[in-house]
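Asks: 3D model of this:
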Amino acid sequence: MRRILIALSVIPLILGGAYYILQYLPEVDPSPKNGPVAELAVASATDRQPLTTAIRNPAGLAFIGETGTWLVTTDDRVFAELAADFGSVISQVTLAHNPLGAGDTEGVAYLGGGRAVVTGENGVVIAMQRNGDGWRETGRFAIGGFEAGTQLGSAAYNPLTDTLYTAQKKGAKLLYAIDLATRTVSVRPMKLAHGLAERPGRKWSEFTIAGLTFHDGRLYAISEAYSSLLAIETDGIVSGVVGLDNINESAGISISDNSFKLIGDAENYLPDPPIYIVKTGIINARR
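Replies: Now for the predicted structure:
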């Protein structure tokens, strides 16, 4: 009996320690100098601005050109539209987990004409439509060829080809190119361009594809791990990498006014997440 009582008394300590680790210790190394790519150039954000704390656990970010406002998705399946200055919430809705088991909704892309899509970490695409002053879900589908057991955290859209892109977040990387008209999926292995090299004993895939955006024929990704910006060709070649100094973990990326806008991740061990502003010219792509 004494052993049982001792064991029962230890359980709260174990659970408390696990909770502390999950909530208050960094999940990734945010320092670009520790990244896996050799001779990594490092730049800094040019500015930052507050993000309304009414939106918790932000993960995805997309710019709405017609209105100058922003779409944000969160780990908790919240889909929200924010004012141009990120200072207020225009509308928000909580997406259902089912059908198809979307998981965390960490990626969002604006398609134009009041349409958007959200990517769930479990390989699910959720279609959204502006509905008066708010938004509503109009359907969802599973990504064909999605590698079960992996995780998605991003979304980017090419309006010229009506193609949605998302990428495997952790581990060996795959790029998914989805024809939204037919839902046909092309799965493309990702790899470094010839001009970039891994550090000895390291893999470039230690970067995490936490956020993704499309601009001028190329994809750009933000990595929470090692706070780095990646240029990615649509065939999956990683053609440029630059570290970002003095920023906390960032999970979402979009572009407006010739600048990347990065949405800071929300973790208990970090201050309230800001929006980081980084000039698009800091990264050079190579084949």
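Asks: center of this protein, which residue is that?
Replies: With distances taken as CA atoms, centre = their mean, the chain has G211 as the residue nearest its mean C-alpha position (2.6 Å).
Asks: for it, give me its contacts.
Replies: Applying CB atoms under 8 Å, 6 or more residues apart in numbering, we find G211 in contact with 59-61, 106-107, 153-154, 221-222, 250-253, 262-263. C-beta here means a position set from N, CA and C on the backbone, and glycine is covered the same way.
Asks: write the PyMOL selection for whichever of those residues are buried.
Replies: Listed next is the PyMOL selection for buried residues among the contacts of G211, using 16 or more other CB atoms under 10 Å:
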select buried, resi 59+60+61+106+107+153+154+221+222+250+251+252+253+262+263
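Asks: look up how far A41 lies from the residue nearest to the centre of the chain.
Replies: Using CB to CB, to the nearest Å, we find G211 at a distance of 20 Å from A41.
Asks: likewise L111?
Replies: Shown here: L111 relative to A41, a distance of 33 Å by CB to CB.
Asks: kindly report the same for Y157.
Replies: Look at Y157 and A41: by CB to CB, they are 28 Å apart.
Asks: please identify which of the two sits among more neighbours.
Replies: Ranked by neighbour count (other CB atoms under 10 Å), Y157 and A41 place Y157 first, with 24 against 14.
Asks: pLDDT score for that one?
Replies: Y157 carries a pLDDT value of 98.
Asks: ok, it touching T166?
Replies: No - Y157 lies out of contact with T166 (CB atoms under 8 Å); the separation is 10.1 Å.
Asks: what stretches of the stretch 51-200 of the chain score poorly on pLDDT?
Replies: Within the stretch 51-200 of the chain, the ranges that satisfy pLDDT under 70 run 53.
Asks: strands along that one, start to end?
Replies: 58-64, 69-74, 78-82, 89-94, 105-112, 115-120, 124-131, 134-142, 156-158, 163-167, 174-179, 185-189, 191-192 (DSSP state E, counting those that start in this stretch).
Asks: packing partners for the longest one?
Replies: When you say that, I think you mean strand 134-142. For strand 134-142, the elements it packs on are strand 89-94, strand 124-131, judged by 3 or more CB pairs under 8 Å, 6 or more residues apart in numbering; DSSP states H and E.
Asks: okay, that strand in PDB with CA atoms only?
Replies: Output in PDB follows, covering the C-alpha atoms of strand 134-142 (Å, rounded to 0.1, in the frame of the first residue of the first chain):
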ATOM      1  CA  GLY A 134     -17.900  37.400 -42.100                       C
ATOM      2  CA  TRP A 135     -16.700  34.100 -43.600                       C
ATOM      3  CA  ARG A 136     -18.200  30.600 -43.900                       C
ATOM      4  CA  GLU A 137     -16.800  27.200 -44.900                       C
ATOM      5  CA  THR A 138     -18.000  26.000 -48.200                       C
ATOM      6  CA  GLY A 139     -16.300  22.600 -48.300                       C
ATOM      7  CA  ARG A 140     -13.200  20.600 -47.600                       C
ATOM      8  CA  PHE A 141     -11.200  17.800 -49.200                       C
ATOM      9  CA  ALA A 142      -8.200  15.600 -48.400                       C
END
